[in-house]
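Enquirer: Need coordinates for the following:
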Amino acid sequence: MAAFFILAIRRRRLAELEHDLAIERRRRRGERVFRNRITIFNMTEGDIVKRYHLSSKIILDLLNELKPDLEPATSRTHAVPAHVKLLCSLHFLASGSYQSTVAAAGGISQPTFCRVLKQVLSAIVKRAGNVIYFPKTKMEMSNMKEDFYNLAGFPNVIGVVDCTHIAIAPPSESEHIFRNSKMFHSINIQLICDANNLITNAVVKYPGSTQDAFIFEHSSVCLKLKDNVFGDGWLLGDTAYSLRPWILTPFAEPCSPAQQAYNKTHSLTRSVMQRTLGILKCRLRCLDHSGGGALQYSPDTACQIILACCMLHNLALRSGMQVNANEVLSSSLEIPLREAPPDDSEEGIQIREQLLTTVFTAVA
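Expert: Residues are numbered from 1 along each chain as shown. Model (predicted):
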């Protein structure tokens, strides 16, 4: 009889133990697991530049600027802090990697990173005018013209204009308007750069089927050039643009030594844009589709990504960061899309002929 009671007590204790273990398992399954989140303070400067393609100073300055927009609205212990949001987003833009990979490296989940990226992009692009701009004083404009002249001897240049296509995954309802003449889907962006590869103007909103000349003619910078806001300088563009008093293009079929000299100098000066695009796509690999990849985002978000990359490019150059020349040359430099030469204006033709007489006849 005693043995029976002892066995019953043991069974009861075993049942209680199993019950307690079940409760503990359920409690543990309900707990959130928090990863170690990224910080740059335990990284060397070399590792920071390798991962983000930016210096620690640029990142910290940017964090200080964006912090009011990125700080968590909640006081929860595990809310994602501003520096984690920024670092994860910069890692994505620099590497062009998958969201899940970037999120894991930053210590957050992929759905969280998706929300974070949109917040960071909005905070960056709202400050575009502080980072991408034309010279604001006569002295700065004069220095810009001198820098361009020192490249190849072309006078009075205040910028080089061109378009480049950034591949995207198009929305199904308007897929056709994003297909460009090379038969891939893209955003066609217009950039103007100076002689030192800084981007001074960016138009990032048109689908890939839009012609380069249309983008320029409907841009704010074109209106300012028509109104002589920038003085007597001009842009250099390829044959996709109309010849105007404020934008000079090459001769389609040069037939004299002076015209050949003009075209050569024009081409050498305009090559600064190719290097600018190379540096941009080398530093911000999310823009480089040489491996066949494309931005897997809506057109609006893709435009925000592109504009943010242009801004980061300028911040890096202004801080003195350079990109390895071999990396730029080996990166995917896009061959510009060629379109039928548009009609040239009489005033533009006269200005180009004056340049032949006053500058390039002597050179030839």
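Enquirer: What segments of this protein are helices?
Expert: 2-29, 45-52, 56-70, 82-95, 99-106, 110-125, 138-152, 212-217, 220-226, 257-283, 299-318, 325-330, 346-355, 361-363 (DSSP state H).
Enquirer: What's the mean pLDDT across the second one?
Expert: Regarding helix 45-52, the rounded mean pLDDT is 93.
Enquirer: Only the buried residues of it, if you could.
Expert: Neighbour-count burial for helix 45-52 flags 48-49, 51-52 (criterion: 16 or more other CB atoms under 10 Å). Every residue, glycine included, has its C-beta placed from N, CA and C.
Enquirer: ditto for the third one
Expert: Going by neighbour count (16+ other CB under 10 Å), the buried part of helix 56-70 is 58-59, 62-63, 66, 70.
Enquirer: again, but for the fourth one
Expert: With burial defined by 16+ other CB under 10 Å, the residues of helix 82-95 counted as buried are 82-95.
Enquirer: Check which helices and strands it is in contact with.
Expert: helix 45-52, helix 56-70, helix 99-106, helix 110-125, helix 299-318 (3 or more CB pairs under 8 Å, 6 or more residues apart in numbering; DSSP states H and E).
Enquirer: So what touches the third one?
Expert: Residues external to helix 99-106 that are found in contact with it (CB atoms under 8 Å, 6 or more residues apart in numbering): 35, 37-38, 84, 87-88, 91-92, 95, 109-110, 112-114, 117.
Enquirer: which regions of the stretch 1-150 of the chain lie under the pLDDT threshold?
Expert: Filtered on pLDDT under 70, the stretch 1-150 of the chain yields the residue ranges 1-36, 73-78.
Enquirer: try 90 this time
Expert: Within the stretch 1-150 of the chain, the ranges that satisfy pLDDT under 90 run 1-43, 71-81, 96-101, 103-109, 136.
Enquirer: For residue 79, see how far away residue 307 is.
Expert: As judged by CB to CB, to the nearest Å, residue 307 and residue 79 stand 27 Å apart.
Enquirer: how far out from the middle of the chain is stretch 43-62?
Expert: Between the centre of stretch 43-62 and the centre of its chain there are 17 Å (CA atoms, centre = their mean, to the nearest Å).
Enquirer: So which residues make contact with that stretch?
Expert: 40, 86-87, 90-91, 94-95, 124, 283-284, 312, 315-316, 319, 321.
Enquirer: From the centroid of this structure, which residue is nearest?
Expert: residue 309 (2.2 Å; CA atoms, centre = their mean).
Enquirer: Quick check: closest non-adjacent residue to it.
Expert: Nearest non-adjacent residue to residue 309, counting by CB to CB, 6 or more residues apart in numbering: residue 284, 3.9 Å away.
Enquirer: Torsion angles phi and psi at the one you found?
Expert: phi -110, psi 90 (degrees, to the nearest 10).
Enquirer: so which of the helices of the chain gets nearest residue 185?
Expert: Nearest of those to residue 185, taken as CB to CB: helix 299-318 at 9.7 Å.
Enquirer: Tell me the buried residues in the closest one?
Expert: 299, 301-317.
Enquirer: just stretch 272-287 next, same as before
Expert: Result for stretch 272-287 [16+ other CB under 10 Å]: buried residues 272-287.
Enquirer: With just CA atoms, put stretch 180-197 into PDB.
Expert: Extracted C-alpha coordinates of stretch 180-197, given in PDB (Å, rounded to 0.1, in the frame of the first residue of the first chain):
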ATOM      1  CA  ASN A 180      13.700  52.500 -73.600                       C
ATOM      2  CA  SER A 181      15.200  52.200 -77.000                       C
ATOM      3  CA  LYS A 182      17.600  49.500 -75.800                       C
ATOM      4  CA  MET A 183      14.600  47.400 -74.800                       C
ATOM      5  CA  PHE A 184      15.100  47.400 -71.100                       C
ATOM      6  CA  HIS A 185      13.000  49.200 -68.500                       C
ATOM      7  CA  SER A 186      14.500  52.200 -66.900                       C
ATOM      8  CA  ILE A 187      14.200  55.700 -65.400                       C
ATOM      9  CA  ASN A 188      15.900  58.200 -67.700                       C
ATOM     10  CA  ILE A 189      17.700  60.700 -65.500                       C
ATOM     11  CA  GLN A 190      19.300  64.000 -66.700                       C
ATOM     12  CA  LEU A 191      22.500  65.100 -65.000                       C
ATOM     13  CA  ILE A 192      24.600  68.200 -65.400                       C
ATOM     14  CA  CYS A 193      28.100  68.100 -63.900                       C
ATOM     15  CA  ASP A 194      31.000  70.500 -63.500                       C
ATOM     16  CA  ALA A 195      34.700  69.900 -64.500                       C
ATOM     17  CA  ASN A 196      35.400  68.200 -61.100                       C
ATOM     18  CA  ASN A 197      32.600  65.600 -61.500                       C
END
